[in-house]
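S.K.: Output the structure for:
(2 chains)
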Amino acid sequence: MDVEPEMLALFVGFGLVVGVLFGFFGMGGSFLVTPALLMLDYEPSVAVGSGMAFVFGTAVIATLKHHDLGQVDYKLGAIMITGTTMGIEAGRASVYYLESIGLAGALISVAYVVLLGGVGAMVTRDALQGDSGGIDHEATGKRLDEYEIPETAKKIQRTIRIPPMVTLRGDVRVSVWVITAVAFATGLLSGFLGVGGGFIRMPAMIYAIGVPVPVAVGTDLFEIVFSGGLGSYLYGQGGGVDLGIVVPLLFGSALGARVGSAATAVVDADGIKIYFGGMLLVGAIAVGIGEIGTYLGSPTLELIGLVLVIGAAVVVAAAILYTSVVSLRTTRSHQTATAD
Amino acid sequence: MAGLEIPAWDPQTALLIGTILLEAIVLYAGYAGLERILGPHVLRLVVGGTGSGQ
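M.R.: Okay, the predicted model is just below:
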């Protein structure tokens, strides 16, 4: 794991930025790591494998916190592990196969452009319409059976009743096959892109399975510990996990996540959401530019792509920190005025 | 398709993943401790005043 000091600093700094985003939004950020590594000319298997190992480490830290809050459904997590494991292995095998025929980098980049662009457009549209639509990942103070089950989940629970059926936390009764299908699809995405898949799995757990939001978040993280651990192990066997990348990234992100998580207590997420959507859209454009640069053999275009993807994340993280400090100072000056 | 495979036991890879797991746990505990000790001071420095707000 020979890493030059400037790369070490870059990884710690990028980890810090990604951590702030993860801590604040409860998702995202980690899926900026793999494209950034691809643009830094790492092999696709190393970019995806190290991205996944980073997600694994991040999930361990976040699960420890959500376990303390009692937001993990271990039964649901255990069922999902099987489907996710199969999905990850299928995704990983696809990456190695595509790498052997020289198409991995291009296809992974295209998948990222579609994914980042799609999710970014959705988040931006919600933010512009003023629809909160987001996921309150720290949601507490509400009983689990008080969460309303979405219509789609109710319909799935009524129509797909293939045994065995299981009862989950929040009094949700659903077929094991529905859980396995959701787990396989998101696992496939994780294995192919090296992401935790939380930004797909969380909504899928809420809208397809019908579990309460806090349980979806906690269980998703618990599940990522296993799927991410297994995925990292599989990539590690093929030499795809580089500790020189993962260790400094995690060092920065663990600190950033604490800061980002603390910021949720003082900043309204809806105000920042439009930046988040914008960041994903810029990320999609950056990956596209980087890929065109690789195709044309233009280092300038590749550099522009890299600067854009890191720059977009830095701008949003800085906006979160700036807004937090301003909000804290305003609160403090109000408190001082009241005391006077 | 390269074909699906059952993961074989590989002590070196297990050590690699174990290192990441250990780092995560150490960072969780370490940063929590640092936050307790340095948190109020950092907050006071950034916001000014008593730093009692969280």
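
S.K.: which element is the residue sitting nearest the centre point of chain B on?
M.R.: Closest to where the C-alpha atoms of chain B average out (Cα atoms, centre = their mean) is residue B:27, at 3.2 Å. Secondary structure assignment for residue B:27, by DSSP states H and E: helix B:11-47.

S.K.: near chain A at all, that helix?
M.R.: Yes: under the criterion of Cβ under 8 Å from any Cβ of the partner chain, chain A is reached by helix B:11-47 at B:13-14, B:16-17, B:19-21, B:23-25, B:27-28, B:31, B:35, B:43, B:46-47. Using the backbone N, CA and C atoms, a C-beta is placed for each residue, glycine as well.

S.K.: of those, buried ones?
M.R.: Among the residues of helix B:11-47 next to chain A, those classed as buried by neighbour count (16 or more other Cβ atoms under 10 Å in any protein chain shown) are B:13, B:16-17, B:19-21, B:23-24, B:27-28, B:31, B:43, B:47.

S.K.: mind checking how far the host helix or strand of residue A:14 is from the chain centre?
M.R.: Using DSSP H and E, the element containing residue A:14 is helix A:5-25. Centre-to-centre, helix A:5-25 and its host chain are 14 Å apart (Cα atoms, centre = their mean, to the nearest Å).

S.K.: If you count neighbours, what's buried in it?
M.R.: Those buried within helix A:5-25 under the rule 16+ other Cβ under 10 Å are A:10-25.

S.K.: before we move on, back to that, same list, the buried ones among the residues of helix B:11-47 next to chain A, but as TSV with pLDDT please.
M.R.: Below are these laid out as TSV (pLDDT from 0 to 100):
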residue	pLDDT
B:13	91
B:16	91
B:17	92
B:19	94
B:20	94
B:21	94
B:23	94
B:24	93
B:27	93
B:28	90
B:31	90
B:43	80
B:47	74
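
S.K.: ok, which pair from the buried residues of helix A:5-25 is furthest apart?
M.R.: A:10 and A:25 (22.4 Å; Cβ to Cβ).

S.K.: Is any residue of whichever strand or helix holds residue A:48 near chain B?
M.R.: Following DSSP H and E, one finds residue A:48 within helix A:44-68. Yes: contact of helix A:44-68 with chain B (Cβ under 8 Å from any Cβ) involves A:53, A:56-58, A:60-61, A:64-65.

S.K.: Identify, from these, the entry nearest to residue A:317.
M.R.: Looking across the residues of helix A:44-68 next to chain B and measuring by Cβ to Cβ, the closest to residue A:317 is residue A:58, at 15.1 Å.

S.K.: Tally up the residues packed near that closest one, please.
M.R.: Neighbour count for residue A:58, taken as other Cβ atoms under 10 Å in any protein chain shown: 31.

S.K.: That one and residue A:254: what is the separation?
M.R.: 8 Å (Cβ to Cβ, to the nearest Å).

S.K.: anything in contact with each of the two?
M.R.: A:19, B:24 (Cβ atoms under 8 Å, 6 or more residues apart in numbering or on different chains).

S.K.: So which bits of stretch A:304-324 are buried?
M.R.: Result for stretch A:304-324 [16+ other Cβ under 10 Å]: buried residues A:304-306, A:308-310, A:312-314, A:316-317, A:319-321, A:323-324.

S.K.: ugh, typo on my part, it should be stretch A:93-113
M.R.: The neighbour-count check on stretch A:93-113 (16+ other Cβ under 10 Å) flags A:93-96, A:98-99, A:104-105, A:108-109, A:112-113 as buried.

S.K.: Could you list the low-pLDDT ranges of chain B?
M.R.: Along chain B, segments meeting pLDDT under 70 span B:1-7, B:49-54.

S.K.: Can you get me a residue count around residue A:177?
M.R.: 15.

S.K.: SS state for the closest residue to it other than its chain neighbours?
M.R.: Excluding the flanking residues, the one nearest residue A:177 by Cβ to Cβ, 6 or more residues apart in numbering or on different chains is residue A:162, at 5.0 Å. Secondary structure for residue A:162, judged by DSSP: H, G, I helix; E, B strand; the rest coil, is coil.

S.K.: doesn't residue A:174 make contact with residue A:162?
M.R.: No: using Cβ atoms under 8 Å, residue A:162 makes no contact with residue A:174, being 10.4 Å away.
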